[in-house]
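> Fold the stuff below for me.
(chains A and B)
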2 protein chains.
Amino acid sequence: MGSLDDAKFTETSIVNNFNPLDPEEFRKQAYQTIDFIVDYYKNIETYPVLSQVEPGYLRNSLPTTPPFKPEPFEKILKDVRTQIIPGMTNWLSPNFFAYFPATVSTAGFIGEMLSTCFNSVGFNWLASPAATELEMVVMDWFADMLKLPRTFKFSGSGGGVIQGTTSEAILCTLVAARDRALDRIGGNNIGKLIVYGSDQTHSTFVKACKIAGILPGNVRSLPTTIDMDFSLSPYVVRAAVETDVANGFVPIYLCLTVGTTSSNAVDPIDQFSELASDYGTIWLHVDAAYAGSACICPEFRHYLNGIERVDSLSLSPHKWFLTYLDCCCLWVKNPSLLIRALSTNPEYLKNKPSELNLVVDYKDWQVGTGRKFRSLKLWLVLRSYGVENLQSHIRSDVRMAEMFEGFVRNDSQFEIVVPRRFALVCFRWNPDSGLVRNVELMNRKLLDWINSTGQVYMTHTIVGGVYMLRFAVGATLTEEPHVIAAWNLIKEGADALINAR
Amino acid sequence: MGSLDDAKFTETSIVNNFNPLDPEEFRKQAYQTIDFIVDYYKNIETYPVLSQVEPGYLRNSLPTTPPFKPEPFEKILKDVRTQIIPGMTNWLSPNFFAYFPATVSTAGFIGEMLSTCFNSVGFNWLASPAATELEMVVMDWFADMLKLPRTFKFSGSGGGVIQGTTSEAILCTLVAARDRALDRIGGNNIGKLIVYGSDQTHSTFVKACKIAGILPGNVRSLPTTIDMDFSLSPYVVRAAVETDVANGFVPIYLCLTVGTTSSNAVDPIDQFSELASDYGTIWLHVDAAYAGSACICPEFRHYLNGIERVDSLSLSPHKWFLTYLDCCCLWVKNPSLLIRALSTNPEYLKNKPSELNLVVDYKDWQVGTGRKFRSLKLWLVLRSYGVENLQSHIRSDVRMAEMFEGFVRNDSQFEIVVPRRFALVCFRWNPDSGLVRNVELMNRKLLDWINSTGQVYMTHTIVGGVYMLRFAVGATLTEEPHVIAAWNLIKEGADALINAR
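Numbers count the residues shown, from 1 in each chain, chains lettered A, B, ... in the order given. Take a look at the predicted model:
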């Protein structure tokens, strides 16, 4: 392999036969890659779920400079197998129960391939009419599945946009809320603006606030308690808002969560309706990144009760809706506030449809300018499976989580710490029913023991001071036997640790 | 096709045989899709480059609700052909000369497929060691190709990260610069902070400033002139900085550009070194989104002279480096400032390698938490082609642009408006050598005429008050005959308009 030395850096020659997109070479390599991927999916259970490599494993083994001459495709694919896969924490493994699942599907993959194929940079309608309009269509479709009111649909008075992640969805709506307030009280008063979340709100909320210039001291992380299953109390919020207003501050944004990351707590949206009426300048956002997908099932839809009173809702299909990363749906009731905060109008992008206001230009709904054709994969998933199968997929995961919950409940050595609502079970090992003071340490050891086997990957959290294990069911390939095997492994670990005491 | 009516929304049944990732079904559909894509690439010249559809073409033809029952794959793929492709502005067409090219390659596509395949959510090292370390490796490789100093490399004292787009790269570095200043002068003084760019800086800079809470009145858009080919003068910047400092403001950020979007102007980085010394608190960022890729060729590297004095550099391989959207490389000299501004540390992500500071956790280098395995495609491109072919690819585009420039220069009806530096030619039709006063109108008409043929897509800009046509060479499939045909079409349009007068 050639390396990039200084001598070669002075040459200015052209390799005349370089053709990076020869269709038949493309077909051949793509077929080989598909076969490679199918093998990976078929063999995925043979790899450790949590990669067992040490820091530096790859950096220390690869060259420090890029090759000057091309390398054969077969060699590169072999290196993916021998150098990359060993360093993968395999999110697609059916034994992956950590964090939240990042679900996938054939339809999602096909959608990604087609989106990549077109490589359209859809910053405005003209640059990609199909990408813009399909996004509007699928966002209305998804709103329909969730039984959102017309105020969130393009066919009504609102609209939706696909962002990369929840972070961007929160940042964009927060900036819209911030600028609405600053327009009213004067741009120099950013120090007066207050935002609210709970101590269970995702960490990205605080980060979005920092990015948007909200003073760190003005980000209220309101306490939740185990009595209320860590959901946010409207009384706590009201008290905080009233205190802030009395002190001359300006409340601008409240981030509610349906399905928190730690324990799947749900903030009761409908109980914040009055707050929305009394303080009309507070932008209510609902982050339903994970659990929102479940609300396509009627039995879960009640968690969105009151959604007609909020200003925006975000939900990440890349979590529980089979679409691969990245894909976060954001619906807003008043797109003009978003556009006002985020629009740009450089000369080189000016065009008639935009100037005549006939179209949506999605660059004005997001942080960046360029954007991918993400709606294709959502369209593929919705059409390939239909609402019927997508509801089944959610229910199947929930039933497996119920089964696991049953195992825990029926074992006196273990306990459920917070009620299960979706497909996440928060539990802990408590062999001596709380008589020992080192329950946390025991659980830490148990988690290490489990993850070091490579057979299962789980993570932990601490909520209300309680250290607990998280068992998140839902990786696309997970079936009942995997859940049963995971439970047996957890038991085995507990026994081993007991015997070692 | 079923639709989502309320009766069905009350059912809670499970379809038991639903398997969204059956390997053989995956292989079959993926093969079909590859064949579909190969056909699209082979036939791409048969489609209009700029889509000729009217606003609403797709929204008005698709159902308003998602299907309840699954639809056959073949039907969906057929709809992509009959409903989506007609609404595509075909960025991959060899006759696409608009904006900047979004270049692609077989290796880039394979990289995207593999990245999708793994679907790892690499927020920290543990969640995906391979994704984290490969990104560190390719960022150092790319730095090596660009002959960046060690201060931008992990093997030195800096490091790089792959962002989605330039917008995020600018936003993240701006927030780091902002917080460094606020730490010094107090968090409540955001209204004192001033940032600088030129009137040619990409519109996303102003947007990033707005998002970060910089007061709109504190974003200095400094004038450039045609005498200096629209590059930023260090004297103009210094004068603005001195005035602001005298008025009690705090300068924090200067965005320089190598290859502006309108006309490929280059701000002379090395001439800002003194400013960096005299005002050490100004973060110097270089946006080389498009033209940075050319700097892997020694004959273009001088445009980065002085880069050792700046704080950060961003460059988007999805523009001119064959990697498909989205992929923006950002190098920073002082990662700790980035991390300080953007880090989060929720309990559910805590892990030993991170706590022991043994690893890079890329979530602390970006806006979001979740992130794709983007480095794979850059790795595939670098290895599959080698620096040799990548340099050739740049040179080949530049030579085609030179050829087009020659056509313009040799035709008395046309003129070059600003000097060509890379593969963008800015020119205008001036049939009566400036004697007519409606040159702008004539050029607008000419552009409409060209784009309405569907045979070629070009865009325009206005710089220094002059309306000009932009001819950006570099779509992956473009070859000399396409450039020659485009020039003939432009001439034909001009003749037609002359005859119609």
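> which residues does residue A:257 bridge with?
Using DSSP bridges, the bridge partners assigned to residue A:257 are residue A:287.
> What about it, how many residues nearby?
27 (other CB atoms under 10 Å in any protein chain shown). C-beta here means a position set from N, CA and C on the backbone, and glycine is covered the same way.
> Equivalent analysis for residue A:27, please.
Residues near residue A:27, counting by other CB under 10 Å, number 18.
> how about the helix ranked longest in chain A against chain B, any contact?
Using DSSP state H, we find that the single longest helix of chain A is helix A:375-409. Yes. Contact of helix A:375-409 with chain B (CB under 8 Å from any CB of the partner chain) involves A:376, A:380, A:382-389, A:391-393, A:395-396, A:399.
> List just the nearest of those residues to residue A:14.
Residue A:14 has its nearest neighbour among the residues of helix A:375-409 next to chain B in residue A:376, at 36.1 Å by CB to CB.
> what's the longest helix of chain A packed up against?
Contacts defined by 3 or more CB pairs under 8 Å, 6 or more residues apart in numbering or on different chains; DSSP states H and E place helix A:375-409 against helix A:106-118, helix A:129-145, helix A:317-320, strand A:414-418, strand A:424-429, helix A:480-500, helix B:73-79.
> quick one: buried residues of that helix?
In terms of neighbour count (16 or more other CB atoms under 10 Å in any protein chain shown), helix A:375-409 has its buried residues at A:375-398, A:400-401, A:404-405, A:407-408.
> So for the helix or strand bottoming out on mean pLDDT in chain A, what gets flagged as buried?
Scoring the helices and strands of chain A by mean pLDDT, DSSP states H and E places helix A:273-278 at the bottom, with a mean of 86. Residues of helix A:273-278 classed as buried: A:273, A:275, A:276 (neighbour count, 16+ other CB under 10 Å).
> For the stretch 201-350 of chain A, what lies in contact range of chain B?
Counting by CB under 8 Å from any CB, the stretch 201-350 of chain A comes close to chain B at A:202-204, A:206-208, A:210-217, A:261-262, A:297-299, A:301, A:318, A:322, A:324-326, A:341-342, A:344-349.
> related to what we said a few turns ago, the least confident helix or strand of chain A - contacts with which helices or strands?
Applying 3+ CB pairs under 8 Å, 6+ apart, one finds that helix A:273-278 contacts helix A:234-246.
> Show me what the helix it packs on is in contact with.
Contacts to helix A:234-246, defined as CB atoms under 8 Å, 6 or more residues apart in numbering or on different chains, come from residues A:194, A:196, A:220, A:222-223, A:250-251, A:254, A:268, A:271-272, A:274-275, A:279, A:282.
> Looking at neighbours, which among these is most surrounded?
residue A:254 (30 neighbours).
> sec struct for the nearest residue to it once chain neighbours are set aside, please.
Nearest non-adjacent residue to residue A:254, counting by CB to CB, 6 or more residues apart in numbering or on different chains: residue A:196, 4.5 Å away. Put simply, residue A:196 is strand when judged by DSSP: H, G, I helix; E, B strand; the rest coil.
> Counting neighbours, what do you get for residue A:53?
For residue A:53, using other CB under 10 Å, the count is 17.
> Contacts only, for it.
With contact set as CB under 8 Å, 6+ apart, residue A:53 has these partners: A:86, A:87, B:129, B:130.
> and with 6 Å instead?
The neighbours of residue A:53, taking CB atoms under 6 Å, 6 or more residues apart in numbering or on different chains as the test, are A:87, B:129.
> Give me the contact list for the least confident helix or strand of chain A.
Helix A:273-278 is contacted from outside by A:238, A:284, A:306, A:309, using CB under 6 Å, 6+ apart.
> Need the mean per-residue confidence for stretch A:376-391.
What stretch A:376-391 shows for mean pLDDT is 98.
> how far is that stretch from where the chain is centred?
18 Å (CA atoms, centre = their mean, to the nearest Å).
> now swap in stretch A:352-365 and tell me
For stretch A:352-365, the distance to the chain centre is 28 Å (CA atoms, centre = their mean).
> One more: stretch A:25-43?
Averaging C-alpha positions (CA atoms, centre = their mean) puts stretch A:25-43 27 Å from its chain's average.
> same question, stretch A:465-484
17 Å.
> do the same with stretch A:97-108
On CA atoms, centre = their mean, the centre of stretch A:97-108 falls 10 Å from the chain's centre.
> swap in stretch A:153-166?
On CA atoms, centre = their mean, the centre of stretch A:153-166 falls 16 Å from the chain's centre.
> One more: stretch A:268-282?
Chain-centre distance of stretch A:268-282: 26 Å, with CA atoms, centre = their mean.
> Could you export it as PDB, CA atoms only?
Written as PDB, here are the backbone C-alpha positions of stretch A:268-282 (Å, rounded to 0.1, in the frame of the first residue of the first chain):
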ATOM      1  CA  PRO A 268     -49.300  13.800  31.800                       C
ATOM      2  CA  ILE A 269     -49.700  16.100  28.800                       C
ATOM      3  CA  ASP A 270     -53.400  16.900  29.400                       C
ATOM      4  CA  GLN A 271     -52.700  18.200  32.900                       C
ATOM      5  CA  PHE A 272     -50.600  21.000  31.400                       C
ATOM      6  CA  SER A 273     -53.400  22.400  29.300                       C
ATOM      7  CA  GLU A 274     -54.300  25.100  31.900                       C
ATOM      8  CA  LEU A 275     -50.700  26.200  32.100                       C
ATOM      9  CA  ALA A 276     -50.800  26.600  28.400                       C
ATOM     10  CA  SER A 277     -53.900  28.800  28.600                       C
ATOM     11  CA  ASP A 278     -52.700  30.800  31.500                       C
ATOM     12  CA  TYR A 279     -49.200  31.300  30.200                       C
ATOM     13  CA  GLY A 280     -49.800  31.400  26.400                       C
ATOM     14  CA  THR A 281     -46.200  32.400  25.800                       C
ATOM     15  CA  ILE A 282     -44.800  29.100  27.000                       C
END
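> now the contacts of helix A:273-278 in JSON lines, with neighbour count, pLDDT and secondary structure?
Below are the contacts of helix A:273-278 laid out as JSON lines (neighbours: other CB atoms under 10 Å in any protein chain shown; pLDDT from 0 to 100; DSSP: H, G, I helix; E, B strand; the rest coil):
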{"residue": "A:238", "neighbour count": "15", "pLDDT": "96", "secondary structure": "helix"}
{"residue": "A:284", "neighbour count": "25", "pLDDT": "97", "secondary structure": "strand"}
{"residue": "A:306", "neighbour count": "18", "pLDDT": "96", "secondary structure": "coil"}
{"residue": "A:309", "neighbour count": "18", "pLDDT": "94", "secondary structure": "helix"}
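> and which of those residues is nearest to chain B?
Of all the contacts of helix A:273-278, residue A:306 has the smallest distance to chain B: 18.3 Å, by CB to the nearest CB.
> Chain neighbours aside, what residue packs nearest to the closest one?
residue A:270 (2.8 Å).
> Doesn't the one you found belong to a helix?
Yes. Residue A:270: assigned to a helix according to three-state DSSP.
> Model confidence for it, exactly?
On the pLDDT scale, residue A:270 is placed at 95.
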